[in-house]
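In: return a 3D structure for these sequence lines:
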Amino acid sequence: MRHDDGSLRLADPISGENQRIAAPAFARVDGAAASPDGKQVIYAFRETNFPPVEMWIVNADGRDARMLLEIPAVVTHMAWSPDGKKIAFHGEGWTVMDADGSNLRHLGNLGLPQCLDVPPSWSPDSRWLAVVITGPAEGFCTPWDESVFKDANVLLIDIENGKVQPILPDG
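Out: Numbering: from 1, shown residues only. Model prediction:
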C-alpha cells in the first residue's frame, strides 16, 4: 500500500500492522504489485509530478532494492503474471516485461486504463492479459456516475502475438 508519507508499505490485513519496504526520498510511489510467491514487490516512483518514472524491485522484507528500468511516462496498473516470469503495466501504453526488467514489449496504445485503478488480470497460464479500458476522453476519473463507464471495455491481449480481442463488442 502507498502511505501518506510517500513510502511503500506491506500491510497485514488482519492485524493492520504495516512495514515500510521502500521510502524513496522526496518521491511519489505511483503503484506496486507483489510477486505471486509474495517474496518480491515491484514499484514505480517519480521525484516530481512529471516523468521519468523509475521501476524498482525489492524483497518483501525491504532488502535488496534495485532499479529495473526508467520509463518516460507515468506507470500505473501493475500486475505480475501467475508464473512469476512477467510483469504488465500501463506506461507508454500497455507494456509487458520479464520480471527482471528485460524484454520490454509495448502491446500498444489500446486505450487508457479505467480510472478506478483496476490492474490488468492475467490468465492462469500467463498467456493472456485482460485490461479494463475507458473511452478516449475518460482516462482520468470524472465524478462517480455512469459517464465513467461510457465506452469502457475489457480487452483480452495475447502477449505472444499482441492480438487484441474486445470482450464487450457493443461497448
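
In: point out where the protein drops to low pLDDT.
Out: Counting by pLDDT under 70, the ranges of the chain that qualify are 1-7, 9-13, 18-27, 110-117, 135-151, 169-171.

In: geometric centre of it: which residue is closest?
Out: Nearest to the mean C-alpha position of the chain, by C-alpha atoms, centre = their mean, lies residue 78 at 1.5 Å.

In: contacts only, for that one.
Out: 31, 32, 33, 42, 43, 44, 87, 88, 89, 119 (C-beta atoms under 8 Å, 6 or more residues apart in numbering). Any C-beta I mention is one placed from the backbone N, CA and C, and that applies to glycine too.

In: spatially, which two of those are the most separated?
Out: The largest distance within the contacts of residue 78, taken as C-beta to C-beta, falls between 43 and 88 and amounts to 14.5 Å.

In: please report phi then psi for residue 93.
Out: Per-residue torsions, residue 93: phi 90, psi -180 (degrees, to the nearest 10).

In: for it, which non-adjacent residue is closest in space?
Out: Excluding the flanking residues, the one nearest residue 93 by C-beta to C-beta, 6 or more residues apart in numbering is residue 109, at 4.0 Å.

In: pretty sure that neighbour sits against residue 91.
Out: No: using C-beta atoms under 8 Å, residue 109 is not in contact with residue 91, being 10.7 Å away.

In: neighbour count winner among the two?
Out: residue 91 (23 against 10; other C-beta atoms under 10 Å).

In: okay but the more buried one is in contact with residue 71, surely?
Out: Yes: in this structure, residue 91 is within contact of residue 71 by C-beta under 8 Å, at 4.6 Å.

In: pull up the overlap in contacts between the two.
Out: Common contacts of residue 91 and residue 71 (C-beta under 8 Å, 6+ apart): residue 53.

In: in what helix or strand does the residue nearest to residue 121 when sequence neighbours are not counted lie?
Out: Of all residues not flanking residue 121 in the chain, residue 130 sits nearest, at 4.5 Å (C-beta to C-beta, 6+ apart). Secondary structure assigned from DSSP states H and E places residue 130 in strand 128-134.
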